[in-house]
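>>> A structural model of the following input is requested.
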Amino acid sequence: MKQRVEKLKEEASPQVKKYFKANYEPILKRWALSYRKKKIDKSNTNNGVEVMNRVFKKTSEKGRGKVIPIPEMITLLLQDFLMKKEELYKRENLSNDQRMVQALDSIPPFLVEAPKLLWEHWKKERKLRLTYDEEGKRKSTVSKIAEGVFMVTSSHRSEPHKINIRAPTCTCRNFSRTHFPCRHIFQTIDDGLMKWEDLPEDYRNIPFFIKDTGT
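Residues are numbered from 1 along each chain as shown. From the prediction side, this is the model:
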């Protein structure tokens, strides 16, 4: 990381150097992924905030195409925009519950009360792994090497991935980038070598993995 930053300083144009020095370098640890190895990270920028700002402008009739004073904007947010978003959030959770009930035979128990984000993430990871297995491209096996430690050996890799459920950690790229459960952790659960409940409680109870009981 440091080498790349120094290279950028040497090779960038004067305008880029000036912008980098003023806006990026002072808060390097906030933006650089290498400094966020131990954090759940599904969003690497402020894109989420910008998206909600754009949605607010488009969906609010009073806010469309005009500059709004801050007091009026707060009123719109509280009385109109946020209320509509809350209702939409409740409906999505309800529909998610109904889909869960219909699919109870095909999903693991820990996902029954999980939010949509985790459920969709599990489906994506599992589908990708099963597709590779069926095509014979990436057949993988899991073995336990110590208490809470597993090795996932894949046919396409010379080095196995190592899982430690106490941290938890996995040596794969996806886990190191987002700290979301990767396909290797899900496979270890599917194979019956560990349970979702074996993961640390503070990890299982982060907002991404538990449903908002207020809905």
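>>> tell me the contacts of Glu11?
For Glu11, no residue counts as a contact, taking CB atoms under 8 Å, 6 or more residues apart in numbering as the criterion. Just so you know, the C-beta spots here come from the backbone N, C-alpha and C atoms, and that holds for glycine as well.
>>> one more: Ile165?
Contacts for Ile165 were tallied using CB under 8 Å, 6+ apart; they are Gly148, Val149, Phe150, Ile185, Thr188, Met194, Asp198, Leu199, Pro200.
>>> how near is the fifth one to Lys144?
Using CB to CB, to the nearest Å, Thr188 is found at 9 Å from Lys144.
>>> could you do the fourth one as well?
Using CB to CB, Ile185 is found at 14 Å from Lys144.
>>> of those two, which one has the most company?
Under the neighbour definition other CB atoms under 10 Å, Ile185 and Lys144 were set side by side, and Ile185 has more, 25 against 14.
>>> where do the helices sit along the chain?
2-11, 14-19, 28-31, 47-59, 70-76, 82-102, 116-135, 173-178, 183-190, 201-204 (DSSP state H).
>>> tally up the residues packed near Ser143, please.
Every residue meeting other CB under 10 Å relative to Ser143 is counted, giving 12.
>>> does it touch Phe150 like I think?
Yes - under the criterion of CB atoms under 8 Å, Ser143 lies in contact with Phe150, with a separation of 6.7 Å.
>>> neighbours of Ala114, just the number please.
Around Ala114 there are 22 other residues, counting by other CB under 10 Å.
>>> quick check on it: phi, psi?
Here is the backbone geometry of Ala114 (degrees, to the nearest 10): phi -80, psi 150.
>>> what's the answer for Pro181, then?
Here is the backbone geometry of Pro181 (degrees, to the nearest 10): phi -60, psi 130.
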